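> Can you look at this prediction? I've put the sequence above it.
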Amino acid sequence: MTQLVFLHGWAQSQQIWYQQQQQFAGARFINLPGHGGAKDAPAAAWPDLLAAQLPDEPCTLVGWSLGGMLAMEIAQRFPGRVAALALIATTPRFAAAEAWLHGCDQAILAAFEEAVASASPRALNRFFALMLHGDALSRSDYNQLARQAVDRTHPVTAAGLAAGLELLATMDLRHRLPPADMPLLIMHGEQDAIVPVAAGRWLAEQLPAAHVHFADACGHAPFLSSPHRFNTILKEWWQQ
């Protein structure tokens, strides 16, 4: 089997995968620039910098949200480095446009911009809550996830937030999708409040050979709120 490599999303860190770190021995978990203690870098440099951290042998990239978009871009630029892709809550284009009705709600994008402008922990806390919107979690379960999934030792930098937001606002991969013969897993929460599930369905339509799972009663981070279900689906697909 190929080695698993996990790429997290905007404003988080590899700590968000703590329930996968326990289950997938030998996997690699990479921090995006400016996140989790990683050095800052211009947005345009992110794909190359991340690709440089991949194993020498072709790997299976597991990307969530912005991490999924970057995984698709890396697979395009470095096809020999990526054997398979698992795209979690991923869209080919984050920002809405006249010809793209499956983009993020403008109010959500404005909240992201506020978080960057204010550098406010409160704004990032609101974003974390939005990630789990739609999940059937008790208050105690939510608080436990918030404590364990966030790296408070290495908070995301202002430059990291800004560069990540630049990528979210500008990346458009609708015409740069993975090749039809690449093994693919698409997983999306039906109640995702950040990346509409319609974006995941669009990807599935364009990539009909993909293994697809749309999770009921699940928001933007199925690996976090429903780890057993997520880990089982990922492991079965990866091992087949």
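It's in.

> switch to C-alpha atoms for all contacts and neighbour counts from now on
OK.

> What is the helix or strand of the chain with the lowest mean pLDDT packed up against?
Ranked by mean pLDDT, DSSP states H and E, the weakest helix or strand in the chain is helix 106-118, scoring a mean of 81. Under the contact definition 3 or more CA pairs under 8 Å, 6 or more residues apart in numbering; DSSP states H and E, helix 106-118 sits against helix 121-131, helix 158-170.

> List the beta-bridge partners for the residue most central in space within the chain.
For the chain, the residue nearest the mean C-alpha position is Trp64 (1.6 Å; CA atoms, centre = their mean). Beta-bridge partners recorded for Trp64 (DSSP bridges): Ile88.

> Tell me the pLDDT of it.
If you check Trp64, the pLDDT there is 99.

> Surely it and Gly9 touch.
Yes. Trp64 is within contact range of Gly9, at 5.6 Å (criterion: CA atoms under 8 Å).

> list the helices and strands the helix or strand where Leu224 lies packs on?
Using DSSP states H and E, Leu224 maps to helix 222-225. Counting contacts by 3+ CA pairs under 8 Å, 6+ apart, helix 222-225 packs against helix 18-21, helix 227-239.

> What lies in contact with that helix?
For helix 222-225, contacts defined as CA atoms under 8 Å, 6 or more residues apart in numbering pick out 16-17, 19-20, 132, 135, 137, 145, 188-189, 215, 218, 229-231.

> do that again at 6 Å, thanks
Phe230 (CA atoms under 6 Å, 6 or more residues apart in numbering).

> buried residues in it?
Buried residues in helix 222-225, counted by 16 or more other CA atoms under 10 Å: Pro222, Phe223, Leu224, Ser225.

> next one: stretch 105-118
In stretch 105-118, counting by 16+ other CA under 10 Å, buried: Asp105, Ile108, Leu109, Phe112, Glu113, Ala115, Val116.

> Leaving out the residues flanking it, which one is nearest to the second one?
Nearest-residue entry for Ile108: Ile194, 7.0 Å, with adjacent residues in sequence omitted and distances by CA to CA, 6 or more residues apart in numbering.

> phi, psi of the one you found?
With angles defined as degrees, to the nearest 10, Ile194 sits at phi -110, psi -50.

> ditto for the one 10 residues further on
Phi and psi for Ala204, reported as degrees, to the nearest 10, are phi -60, psi -40.

> Next one: it, what pLDDT does it get?
Model confidence at Ala204, given as pLDDT, is 98.

> and if you look at Arg77?
With respect to pLDDT, Arg77 has a value of 97.

> Next, count neighbours for it.
14 (other CA atoms under 10 Å).

> quick one: contacts for it?
Neighbouring residues of Arg77 by CA under 6 Å, 6+ apart: there are none.

> which residue packs closest to Ala38, ignoring adjacent ones?
Nearest to Ala38 is Asn31, by CA to CA, 6+ apart, at 6.2 Å.

> So for Ala84, which of the helices and strands packed on helix 106-118 sits nearest?
Each of those has some distance to Ala84 by CA to CA; the shortest is helix 158-170, at 22.5 Å.

> Next one: the residue nearest to Ala149 when sequence neighbours are not counted from Asp56, what distance?
Nearest non-adjacent residue to Ala149, counting by CA to CA, 6+ apart: Ile16, 4.4 Å away. Relative to Asp56, Ile16 is positioned 25 Å away (CA to CA, to the nearest Å).

> out of the two, which sits in the busier spot?
More crowded of Ile16 and Asp56, by other CA under 10 Å: Ile16, with 22 against 9.

> And the pLDDT for the more buried one?
99.

> Surely it is within a helix?
Yes. If the criterion is DSSP: H, G, I helix; E, B strand; the rest coil, then Ile16 is within a helix.
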